[in-house]
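Student: here's my sequence, what's the structure:
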Amino acid sequence: AEQGRRSGRLASSSVSELSMVQKEIDTVKAEINGSNAKVEVNYRDLTGLDMLNELERSAKRKTRELTKLGADGAGNELQPQDICGYLWNGGRGQGALGLVVDSMLETEEHCEDLVPWDRTDMTRDEWIANLKEIVSTWKRGNLLILGPDKDEEKEHHETPVNVSQLVTQLKRPLLQLEERVFTITGYAMKEQALDEAERYADAHEGDDEDSDKDERAKAELGWKKKIYSLTNIPVRKAAIIRDVIIAAITIARKAHLHGPLEDLRAALTEHRPTAANTAKIMALEALERHGGYTPDEDESDDEDEDAMEIDNEAEDEGEKAMKTVETLLCDDANRIFASIKEEDNTARDEWIEGVKACKQLPVFAAFVEGLAFKGDTLLLEMQNDRANLDAALKYWDSAAGKKSRGSTKKLKYDSSSPVWTDYELTQEFVWAKVEGYPWWPSRVCVAKDKDVAQQLEAVRRKLISFVGMEDISCVDAEDEIRPYGGETSPMEDPTVYPEKTMEELKRSLTMVRRILKGRGVIQATPMVQKKSLSRMDYLEEEKKSA
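Tutor: Sure, this is the predicted structure:
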C-alpha cells in the first residue's frame, strides 16, 4: 500500500512538471513561428507575489490561533512580513500611502478606546471615510502592472494623481489627530495653565513677588550671557554652538521668557551639524533684539575661572560628539518626534509647522510614525492607569483599603498610585498632598464617567491635578486636600524632598499666583513660606533655633 501511495505522488509530480515543460515548448514554438497565439503567463507566480501572500496569510492564521489559545505575546498586530505584501498596490494591498493612513487610524482607535469622539464639526465616521477615500484615490491613480505594460489594462485606471496633493489632503486629519492625543494625555491642560500665567506676567511685569522678579532677572541675564559667549566660538565648532543655544533655551523656558524663547528656537532650527553660521548669527541677532549684553568688568576671577572650566568641558564634549556622531538626528529629524510634548529642546509647534510645510510622502510618513510612536506609548500607559484606577477603587472599598483618619497604615494603593480616567477640569484650586510630594497647589477634577464618579465619592476620594502638570492623582478627600483660599499649612522640611521637586513647586506657586491675579481673585497666602523653599535658608533657621 505504501509503495502504491509513493508511486501515485511521483506520478502526480511528473504530470505537473511535464505540464510546465509543455507550456515552455509552446511559448518557444509561438515565438519561432511568429504565431499570435496568446500564451497565458502567471506573473504573480513568477515574481513570487503569490508565495509572499500565502506566507502572510499563514502567519496571520497562526497568530489568530495563538490568540484563541491565550498565548503570551499573541495579538493582531501588523507583522513585518505583512508589510511586504501590503506595499503592493493591488488586491488587499493599499500601497505606501495606505500604510501611512493605517497608522493614523490605529492611533485614532487607541484614542477612541479612552475618550469617545466629541467633535461637533464632523462625525468620527466622516473623518475615517475621508482618509479611506484618499487611499482609494491613490490606489486608482497609481497603476502597478506585473509583466509587460498592456494598454488595455491601463484603460481601466484613472489618470495618475499628484502625490503631493494627496499629502496636502492628509495634513489636516493628521493635525486633528495630534490635537486629540495632545488633549487626552493632559498636555493641553498643562499648556493652557502655562499660557494663562504667562499672559498675566507679560501684562503685569512689575507685579510679581520680589523672589519671582529676582529669578526672572537672573534668567534674563543667564541666557544673554550664554548667547554672548558665541562671539568667541568659531563657526567650525558646530556642536558647541548648538549646546550653547540649547542651554540658553533651557534658561529662557524655565523662566517663561516668551520672546527670547521663540527667537532662540528659531535660531536652533537653522543649525546644521556642518553649517552653524546661520544659527549663530540668528542667536546673536536675538540677543541684540532683546537689549544686548555688556560683560560686567567687576566679575570675580573665580567666576571667570568657573565659566572657563564649564566652557572647556562643553568644548571637550562637543568635540567628542562631532567625532562620534557627525550627522545623526539634526534638528529636522528631532522635529519629527516633537509632537504632543517638547522633545530634545524641539517644541511641539515645530512639529506642527513641519507637517504644514511637508510636500513629499516619505517625509509625511516620518511625521506620522513619530506621532504614532509617541502617542501610542502615552495612550497605552493611560490604558494601564485606567485599569489601575479600577483596581484601586475596589481596594479602597474593601476592608483592607480602609483606614481611620490620621492613621499611618500603609495601603497597597495610595495617592501616588498612577491613575487615569476621562475628566473635566474644574475652577476649584486646593492644596493637595500626594504621597512622596510636598503639599502642592492643585485643581480638582471631576470624572466624566458617572460610575467612576460615584465610586470615588463612596470611598471619599477626589481627583486632582497639580497646577502645571499633565497627570492626575486620586487623593483622600479628608486628609489630603485643603482649601487654597488663604490657609497656611505647617512648614515642611525642604531637605526631605529633592531640590528639583522644590524648584518645580516654586514654579507651580508662581503660576497659581499669576492665574488668580489674572482672574481678579484675591491672592491666596502661599502655603510654603519663602524660606522653606531654600534648603540653605532652612538649615540656617535650624541653627538659629538651636
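Student: where does pLDDT dip in the stretch 251-400 of the chain?
Tutor: 296-331, 344-345 (pLDDT under 70).
Student: if we go to 90?
Tutor: Applying pLDDT under 90 to the stretch 251-400 of the chain flags residues 251-276, 290-338, 341-350, 353, 398-400.
Student: which parts of it are helices?
Tutor: Along the stretch 251-400 of the chain, the stretches classed as helices by DSSP state H, counting those that start in this stretch are 258-269, 277-289, 301-324, 331-336, 348-357, 361-397.
Student: distance to residue 430 for these - can I get that in TSV?
Tutor: The way it works is simple: take the backbone N, C-alpha and C, and place the C-beta from them, glycine included. Output for those, formatted as TSV (distance: least, C-beta to C-beta, whole Å):
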stretch	distance to residue 430
helix 258-269	28
helix 277-289	40
helix 301-324	42
helix 331-336	38
helix 348-357	29
helix 361-397	20
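Student: which one of these lies nearest to residue 58?
Tutor: Proximity to residue 58, assessed across those by C-beta to C-beta, is greatest for helix 361-397 (27.1 Å).
Student: report all helices and strands that that closest one contacts.
Tutor: On a contact count with 3 or more C-beta pairs under 8 Å, 6 or more residues apart in numbering; DSSP states H and E, helix 361-397 meets helix 95-114, helix 163-184, helix 331-336, helix 348-357, helix 450-458.
Student: repeat that with 6 Å
Tutor: On a contact count with 3 or more C-beta pairs under 6 Å, 6 or more residues apart in numbering; DSSP states H and E, helix 361-397 meets helix 95-114, helix 163-184, helix 331-336.
Student: what comes up buried for that helix?
Tutor: Neighbour counts over helix 361-397 (16 or more other C-beta atoms under 10 Å) mark 361, 363-368, 370-372, 374-376, 378-379, 382, 385-386, 388-389, 392-393, 395-396 as buried.
Student: poorly predicted segments of the stretch 401-546 of the chain, please.
Tutor: Looking at the stretch 401-546 of the chain by pLDDT under 90, you get 401-412, 468, 483-497, 499-500, 502-546.
Student: strands of that one, start to end?
Tutor: Ranges of strands in the stretch 401-546 of the chain, per DSSP state E, counting those that start in this stretch, are 423-432, 440-447, 461-466, 473-476, 481-483.
Student: ok, the shortest one: who's next to it in the sheet?
Tutor: Strands flanking strand 481-483 in the sheet, each with its direction: strand 423-432 (antiparallel) (DSSP bridges).
Student: the partner strand to strand 440-447, inter-axis angle?
Tutor: With axes from the mean of the first three to the mean of the last three C-alpha atoms, to 10 degrees applied, the angle from strand 423-432 to strand 440-447 works out at 150 degrees.
Student: go ahead and name everything in contact with strand 423-432.
Tutor: With C-beta atoms under 6 Å, 6 or more residues apart in numbering as the test, strand 423-432 has contacts from 189, 439-440, 442-448, 463-464, 475, 481-482, 484, 527.
Student: okay, the angle between it and strand 461-466?
Tutor: 80 degrees.
Student: can you dump the C-alpha atoms of strand 423-432 in PDB for me?
Tutor: Output of strand 423-432 as PDB, limited to C-alpha atoms (Å, rounded to 0.1, in the frame of the first residue of the first chain):
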ATOM      1  CA  TYR A 423     -12.200  64.000  33.400                       C
ATOM      2  CA  GLU A 424     -13.300  67.600  33.400                       C
ATOM      3  CA  LEU A 425     -11.000  70.200  35.000                       C
ATOM      4  CA  THR A 426     -12.900  72.500  37.500                       C
ATOM      5  CA  GLN A 427     -12.000  76.000  38.600                       C
ATOM      6  CA  GLU A 428     -11.600  74.900  42.200                       C
ATOM      7  CA  PHE A 429      -8.000  75.500  43.500                       C
ATOM      8  CA  VAL A 430      -6.800  73.400  46.500                       C
ATOM      9  CA  TRP A 431      -3.800  72.300  48.300                       C
ATOM     10  CA  ALA A 432      -3.300  68.600  47.700                       C
END
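Student: now the angle from that strand to helix 450-458?
Tutor: 20 degrees.
Student: what's around residue 254, how many residues?
Tutor: 15 (other C-beta atoms under 10 Å).
Student: so what's it closest to, chain neighbours aside?
Tutor: residue 219 (6.7 Å; C-beta to C-beta, 6 or more residues apart in numbering).
Student: who touches the host helix or strand of the one you found?
Tutor: For residue 219, the element it lies in under DSSP states H and E is helix 210-228. If you take C-beta under 6 Å, 6+ apart as the criterion, helix 210-228 is touched by 244, 247-248, 251-252, 255, 260, 283, 287, 293, 510.
Student: which parts of it are buried?
Tutor: 212, 215-216, 219-220, 222-228.
Student: tabulate those residues (a markdown table), appending distance to residue 177 and pLDDT.
Tutor: Converted to a markdown table, the buried residues of helix 210-228 look like this (distance: C-beta to C-beta, whole Å; pLDDT from 0 to 100):
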| residue | distance to residue 177 | pLDDT |
| --- | --- | --- |
| 212 | 38 | 63 |
| 215 | 38 | 72 |
| 216 | 37 | 73 |
| 219 | 35 | 81 |
| 220 | 38 | 84 |
| 222 | 38 | 89 |
| 223 | 35 | 90 |
| 224 | 39 | 90 |
| 225 | 41 | 91 |
| 226 | 37 | 91 |
| 227 | 37 | 92 |
| 228 | 42 | 92 |
